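Generate coordinates for the sequence data below:
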Amino acid sequence: MTAALPPDLRTHPALQGAIVTATARSGSRQQVLEIRQDGQPVILKRYLGPSAPARFAAAIARLTEADARMGGDNLAVRILRQLPDCHTLILSRAAGRPLQDALHLSDDARQAILVRRAGEWLACLVGAAQARPFLAWKVFVRLSERAAAYAADEAIDPELVRRHMERMHQLARQIHLQPVGHGMAHGDFHPENLFIDEPGDRLILTGFDLEMAAPIPVIRDLAKMLVWLQGAALPQQPGPCVSGIHQPLFDSLCAGYAALGPADRLALHFHIGEQMLEFYLQRGARLPEIRHRMAPALDHWGSEP
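Below you'll find the predicted structure:
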């Protein structure tokens with residue numbers, strides 16, 4: 001089924017003849033459409049709202065850098081055309097299917113392989129990380145504001161949230177301004193933002209939604225992927241955990257980061273705690289089963305020294 005472009009884009013000279021084949025995302029901050037133009041399937045990504053100019057510029061810079069750095073089986077979508085007057089990019093389509101779909105259809109052994117490849121993709125994107133002061137208090141303050149916003153939600157466990165924030169406060173005092181590896185990472189690294197293509201024996205990963213304008217702690221991306229895997233992408237599994245994460249998942253994603261120093265490892269634990277509570281509060285408000293999944297993980301996370 002096809003449709004026309006949004007009314008304000010239909011007359012754009014660069015989009016003549018384009019038809020919409022699917023809507024991938026439509027929100028207040030961005031619109032992502034699968035379109036066909038000149039017989040070719042491509043992606044139209046339009047940035048919306050007050051931050052659109054800055055996010056549009058950041059995406060161009062980040063995708064240009066990623067295109068120069070990556071290759072082989074580790075790829076990022078390419079910019080085909082820039083439309084600055086409407087803060088819109090025309091992007092290449094990623095081959096294959098979302099990593100999340102591939103994970104759901106795989107057994108445990110295959111999942112471990114796919115998760116390990118995700119870690120390898122991130123390492124290729126980041127390149128050499130540089131040590132910078134870790135701004136733990138900034139993270140803690142933002143998380144405190146988020147927790148306060150959900151204080152009246154009767155579906156949360158207030159005692160669980162209180163204990164978790166106490167532990168986050170202790171860790172923030174311990175890790176703040178310690179040197180932690182930073183790099184031009186993804187910024188929104190989870191299984192829905194990676195596509196996987198599997199021609200023959202190859203596992204080709206293509207990332208999209210790269211918009212970070214400044215270096216961030218690399219372990220923040222690792223933490224986000226781990227929490228997504230634990231909380232939404234995969235069925236719950238029994239067995240040992242690390243920082244509240246099923247150990248095979250943790251070991252697979254972090255295989256290329258085995259030499260993390262003490263500060264980086266503690267910062268990873270800290271960011272996992274941040275992402276877990278964010279997931280529990282925000283995503284759990286829309287999907288109640290998420291809170292049932294995340295509560296034991298939060299408890300385990302808080303029990304680690």
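
which residue ranges form the helices in the protein?
Secondary structure of the chain (DSSP state H): helices at 52-69, 99-104, 108-126, 136-149, 158-175, 218-228, 247-253, 262-278, 284-286, 288-303.

And the ones you listed, which one averages the lowest pLDDT?
In terms of average pLDDT, helix 284-286 trails the rest of those, at a mean of 87.

For that helix, list every residue counted as buried.
For helix 284-286, the neighbour count (16 or more other C-beta atoms under 10 Å) marks residue 284 as buried. All C-beta atoms are positioned from the backbone trio N, CA, C, and that covers glycine.

who's in contact with that helix?
150, 153, 155-156, 290-291, 294 (C-beta atoms under 8 Å, 6 or more residues apart in numbering).

What's the separation between residue 110 and residue 104?
Distance of residue 110 to residue 104, given as C-beta to C-beta, to the nearest Å: 11 Å.

can you count the residues close to residue 98?
Applying other C-beta atoms under 10 Å, we find 16 residues neighbouring residue 98.

Tell me the bridge partners for it.
residue 195 (DSSP bridges).

distance of it from residue 114?
Going from residue 98 to residue 114 by C-beta to C-beta gives 11 Å.

Now list whatever residues contact both of the two.
Common neighbours of residue 98 and residue 114 (C-beta under 8 Å, 6+ apart) are residue 196.

quick one: contacts for the closest residue to residue 266 other than its chain neighbours?
Closest residue to residue 266 in three dimensions, ignoring its sequence neighbours and counting by C-beta to C-beta, 6 or more residues apart in numbering: residue 175, at 5.3 Å. Shown in contact with residue 175 (C-beta under 8 Å, 6+ apart): 134, 136, 263, 266-267, 270.

between those residues, which is closest to residue 43?
residue 267 (33.6 Å; C-beta to C-beta).

what bridges to the nearest residue in space to the closest one that is not next to it in sequence?
In space, and not counting its chain neighbours, residue 267 is closest to residue 180: 4.7 Å by C-beta to C-beta, 6+ apart. Counting by DSSP bridges, residue 180 forms beta bridges with residue 132.

my guess is residue 180 contacts residue 132, does it?
Yes - between residue 180 and residue 132 a contact is recorded at 6.8 Å, counting by C-beta atoms under 8 Å.

which one of the two has more residues nearby?
In this view residue 180 and residue 132 are compared by other C-beta under 10 Å, and residue 180 has more residues nearby, 28 against 15.

per-residue confidence at that one?
Confidence at residue 180, expressed as pLDDT, is 96.

ok, it - contacts?
Listed by C-beta under 8 Å, 6+ apart, the contact partners of residue 180 are 131-134, 217, 219, 263-264, 267.

Please apply the same query to residue 89.
Residue 89 neighbours (C-beta under 8 Å, 6+ apart): 44-46, 56, 59-60, 63, 79, 81-83.

which of those count as buried?
44-46, 56, 59, 63, 79, 83.

give the contact list for residue 45.
Residues counted as contacts of residue 45 (C-beta under 8 Å, 6+ apart) are 30-33, 59, 88-89, 91.

swap the cut-off to 7 Å and go again
By C-beta atoms under 7 Å, 6 or more residues apart in numbering, the contact list for residue 45 reads 30, 32, 88-89, 91.

How about it: which residues does it bridge to?
Assigned bridge partners for residue 45, using DSSP bridges, are residue 32, residue 89.

Against residue 183, how distant is it?
24 Å.

Of the contacts of residue 180, grab the buried ones for PyMOL.
PyMOL command restricting the contacts of residue 180 to the buried ones, with burial defined by 16+ other C-beta under 10 Å:
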select buried, resi 134+217+219+263+264+267
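
Farthest pair within the contacts of residue 180?
The widest separation within the contacts of residue 180 (C-beta to C-beta) is 14.1 Å, between 133 and 219.

re earlier: now for the helices of the chain, which one comes closest to residue 21?
Closest among the helices of the chain, once you apply C-beta to C-beta, is helix 99-104, at 18.6 Å.
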